[in-house]
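S.K.: sequence unknown, structure follows:
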């Protein structure tokens, strides 16, 4: 079985030159599968794909997979003002969900427009289990929840068969975190019923055969429950896409399954920014930088660092330099960005060392890089067709495509 890498576009935006360069480099390096979703960065991920593909001479062998289901950002604002769709699940204040057929058709039209395509290779329901989360929270019986869930999936399967007939998609499938749950868990999605639903949907739609081809789910070295679903899917002739390959969870802790080198220039950029801020008016900025350096080893994984910097550090820094004139702000922001780039590398390095220690028994036989061992695990399972990886920088693309498949 030939395993391929796919380019995941979560958090990729069309206005970020580095993201665009990374996708272009990935295609030049032989990656031929791009995974996206209507809600990724409020549509900017799909626009980024369109931007890159518009610069390619030949795109016929490039497969675009998109998804629908989430209602966030500007779409959520529009829906709150005027909701024309059925079965919308208000999961939280900032996240609704829907797999209604009318919603699917509208989202597909929007995705095709942003992607500047006439058709998609594959279109996926994106975590349809959000209905289950909501219903279980309302204390609906598990059996009733699952029955209703499958009814909703069936209805949209019929609509997706019609979209195949119209040529707007070539196939469809489901991306679900609940595929990777144990069947005893309340929010487990009973995937073994899906083939019957697809066959019945094809008959109702008047298709000669069903076009349900793909399942996508989390599978990695630490989270192996999804291999049960993957084995079933392979028996049914379905394609299996593994996501969260390098971002794994164990005992309620997140781990990045990748090795990183210690950045050699960290101390240089740290001293630079501290020297630049060694002035009474910049004492708050100096304190922030000093605290970041002192606490760099406390982040449990690199994702926690990213979240902390974007939600707390950057807004705080901007407030403390707002009084500076434009030229001084420009110089200081440039130096801060250089330091934060090095700090992220340092945190990634320290987290990778902690991962090696925390997972010593599991990684005992891992004699190569963590990322190579993580990929090898999926390859040797013989149950995965596509390994989906987020690659927002050209350097990430180089690291991933250098891994032996």
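M.R.: Thanks, I have the structure now. Bear in mind the structure is a predicted one, so any value in this text is a computation, not a measurement.
S.K.: shouldn't residue 103 be in contact with residue 79?
M.R.: No: assessed by Cβ atoms under 8 Å, residue 103 is found out of contact with residue 79, at 9.3 Å. To be clear about C-beta, it is placed using only N, CA and C from the backbone, and glycine gets the same treatment.
S.K.: Surely residue 316 and residue 289 touch.
M.R.: No: under the criterion of Cβ under 8 Å, residue 316 makes no contact with residue 289, lying 11.2 Å away.
S.K.: got any ranges where this structure has weak pLDDT?
M.R.: Within the chain, the ranges that satisfy pLDDT under 70 run 1.
S.K.: Would you map out the domains in it?
M.R.: Using automatic domain parsing, the domain parsing of the chain gives 4-258+369-401, 266-358.
S.K.: what about residue 316 and residue 289, which has more around it?
M.R.: Set residue 316 next to residue 289 and count neighbours by other Cβ atoms under 10 Å: residue 289 wins out with 23 against 12.
S.K.: contacting residues for the closest residue to the more buried one other than its chain neighbours?
M.R.: Closest residue in space to residue 289, ignoring its immediate chain neighbours: residue 273 at 5.4 Å, by Cβ to Cβ, 6 or more residues apart in numbering. Going by Cβ atoms under 8 Å, 6 or more residues apart in numbering, residue 273 touches 289, 335, 336, 338, 339.
S.K.: Tell me the one among those residues nearest to residue 5.
M.R.: Distance to residue 5, by Cβ to Cβ, is smallest for residue 338 among the contacts of residue 273, at 30.4 Å.
S.K.: how about the strands in the chain?
M.R.: Residue ranges of the strands in the chain, as given by DSSP state E, are 4-8, 33-35, 63-68, 70-71, 89-92, 95-97, 122-126, 172-175, 212-218, 239-243, 247-250, 253-256, 386-390.
S.K.: Report back the residue of the protein that's furthest from centre.
M.R.: Going by Cα atoms, centre = their mean, the residue of the chain most distant from its centre is residue 280, 42.7 Å out.
S.K.: State the distance from that one to residue 52.
M.R.: Between residue 280 and residue 52 the computed distance is 47 Å (Cβ to Cβ, to the nearest Å).
S.K.: Residue 29 reaches residue 399, doesn't it?
M.R.: No: the pair residue 29 / residue 399 is not scored as a contact, 11.1 Å apart, by Cβ under 8 Å.
S.K.: I'd like to know how far the closest residue to residue 303 other than its chain neighbours sits from residue 299.
M.R.: Leaving aside its chain neighbours, residue 303 sits nearest to residue 254 (5.9 Å; criterion: Cβ to Cβ, 6+ apart). Applying Cβ to Cβ, the value for residue 254 to residue 299 is 10 Å.
S.K.: what's the longest helix in the protein?
M.R.: In the chain, ranked by residue count with DSSP state H as the criterion, the top helix is helix 326-358.
S.K.: Which positions in it come out as buried?
M.R.: Across helix 326-358, burial judged by 16 or more other Cβ atoms under 10 Å covers 332, 335-336, 339-340, 342-352, 354-355.
S.K.: what does stretch 148-164 give?
M.R.: 149-150, 152-164.
S.K.: Same question for stretch 361-368.
M.R.: 363, 366.
S.K.: same question, stretch 367-387
M.R.: 369-378, 381, 383-387.
S.K.: Could you point out which of those is nearest to residue 59?
M.R.: Nearest to residue 59 among these, with distances taken as Cβ to Cβ, is residue 386, at 18.2 Å.
S.K.: just checking, the closest one touches residue 241?
M.R.: Yes: Residue 386 lies in contact with residue 241 (Cβ under 8 Å); the separation is 4.3 Å.
S.K.: what sits in contact with each of these two?
M.R.: Joint contacts of residue 386 and residue 241 (Cβ under 8 Å, 6+ apart) are residue 6.
S.K.: got a list of contacts for stretch 349-364?
M.R.: Contacts of stretch 349-364 (Cβ under 8 Å, 6+ apart): 221-222, 250, 253, 255-263, 296-297, 299-302, 305, 370, 373.
S.K.: From these, keep the buried residues only.
M.R.: Using 16+ other Cβ under 10 Å, the buried members of the contacts of stretch 349-364 are 221-222, 255-260, 263, 296, 299, 301-302, 305, 370, 373.
S.K.: how far away is residue 206 from residue 165?
M.R.: For residue 206, the distance to residue 165 equals 8 Å [Cβ to Cβ].
S.K.: Have a look at the two and say which one is more surrounded.
M.R.: Shown here are residue 206 and residue 165; by other Cβ under 10 Å, residue 165 has more neighbours (13 against 10).
S.K.: Quick one: residues contacting the more buried one.
M.R.: Contacts of residue 165 by Cβ under 8 Å, 6+ apart are 205, 206, 207.
S.K.: How about stretch 235-244, which residues are buried there?
M.R.: 238, 239, 240, 241, 242, 243, 244.
S.K.: which residue sits closest to the last one in space, ignoring its chain neighbours?
M.R.: The one in question is residue 244. residue 218 (4.1 Å).
S.K.: sorry, back to before: winner for burial among the domains of the chain?
M.R.: When these are scored by mean count of other Cβ atoms under 10 Å, the highest mean neighbour count falls to domain 4-258+369-401 (a mean of 19).
S.K.: now do the same end-to-end measure for it.
M.R.: For domain 4-258+369-401, the first-to-last residue distance is 10 Å (Cα to Cα, to the nearest Å).
S.K.: and that domain, how far out from the chain's middle?
M.R.: With Cα atoms, centre = their mean, to the nearest Å as the basis, domain 4-258+369-401 stands 9 Å off its chain's centre.
S.K.: Identify the residues contacting stretch 130-148?
M.R.: 69, 87, 89-91, 97, 99, 149, 152, 178, 186-187, 189-190.
S.K.: hang on, residue 370 packs against residue 257?
M.R.: Yes: under the criterion of Cβ under 8 Å, residue 370 makes contact with residue 257 at 4.8 Å.
S.K.: contacting residues around the closest residue to residue 391 other than its chain neighbours?
M.R.: Spatial nearest neighbour of residue 391, excluding adjacent residues (Cβ to Cβ, 6+ apart): residue 397 at 4.6 Å. Residue 397 makes contact with 22, 25, 26, 29, 31, 391, according to Cβ under 8 Å, 6+ apart.
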